[in-house]
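Engineer: next comes the sequence, and after it the predicted model I'd like to discuss.
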Amino acid sequence: MRIDIITVLPELLKSPFDASILKRAIQKGLVEVHLHNLRDFAIGNYNQVDDYQFGGGAGMVLMIEPIDKCITSLRQERDYDEIIYMTPDGDTLNQKIANNLSLKGNLIILCGHYKGVDQRVRDRFITKEISIGDFVLSGGELAAAVLADSIIRLLPGVLNDETSALTDTFQDGLLAPPVYTRPAAYEGMQVPEVLLSGNFPKIEAWREEQALNRTKERRPDLLE
Ligand code: ADE
């Protein structure tokens, strides 16, 4: 898989891909992540990427021309399965969306900034609009990092058996059961006996029950 991220703030997106699981996925060649600074496609004598909105109102809007130039140059090199715009008014990201995107080959993620992008960018280029929740961030960069992480960890070979995404919360429509590690007792708090029993069918049954109870209690909507 290849992910191209278009942003006015590439420095915000460096560290998420330079640590832990995502870093290893890139090093192993399981995914390529390329950051593109929209400023490299700026226009005019003032190196412009944004401008005031027509009709008045506070906040700058990213212009269509630099984005067109950037997307067009990427498309000259390869075809893209999706061109995604990160925006609070997009479809709310969930595990199903992440699963679907993890099956694609090449993705572009466009990060909005300030008041967002000229609507014509969305009309002409964008194939999917994704929000990471009902709150507003300063820009799409952190949201893009969240989306990319949720996708990359699902790619074959990124996680090993122990960290397998198959046991993630949401993957089977349920929240994950509680987990414990050593010590078995801490200041009077005991790890549930069954987990120390070595009886794996029983442990599995306990985990399923816990997952179901936790989902009923915290996210009954997932069971509907
Ligand atoms: N940009 C600003 N807020 C956002 C959000 N909640 N999700 C995705 N992109 C955003």
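Structural biologist: Nice, I can see it.
Engineer: what does the helix or strand where residue 207 lies rub up against?
Structural biologist: When elements are defined using DSSP states H and E, residue 207 is found to belong to helix 200-218. Residues outside helix 200-218 that contact it (C-beta atoms under 8 Å, 6 or more residues apart in numbering): 172, 174, 175, 176, 177, 178, 192, 194, 195, 197, 222, 223. Every C-beta, even on glycine, is put in place using the N, C-alpha and C of the backbone.
Engineer: per-residue confidence averaged over that helix?
Structural biologist: For helix 200-218, the per-residue pLDDT values average out at 97.
Engineer: buried sites along it?
Structural biologist: The neighbour-count check on helix 200-218 (16 or more other C-beta atoms under 10 Å) flags 203, 206, 207, 210, 211, 214, 215 as buried.
Engineer: buried ones among the contacts of helix 200-218?
Structural biologist: Applying the neighbour count, that is 16+ other C-beta under 10 Å, the buried entries in these are 174, 175, 176, 177, 195.
Engineer: near the ligand, which residues of the chain show up?
Structural biologist: Where proximity means C-beta under 6 Å from any ligand atom, the interface of the chain facing the ligand comprises 86, 87, 88, 112, 131, 132, 133, 135, 136, 137, 140, 143.
Engineer: which ones are touching the residue nearest to residue 47 when sequence neighbours are not counted?
Structural biologist: Counting by C-beta to C-beta, 6 or more residues apart in numbering, residue 47 lies nearest to residue 39, which is 6.5 Å off, once chain neighbours are set aside. Counting by C-beta under 8 Å, 6+ apart, residue 39 touches 8, 47, 49.
Engineer: make TSV from the buried residues of helix 200-218 and add distance to residue 69 to it.
Structural biologist: Formatted as TSV, these follow (distance: C-beta to C-beta, whole Å):
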residue	distance to residue 69
203	56
206	57
207	52
210	53
211	49
214	49
215	47
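Engineer: which among these gets closest to the ligand?
Structural biologist: residue 215 (24.5 Å; C-beta to the nearest ligand atom).
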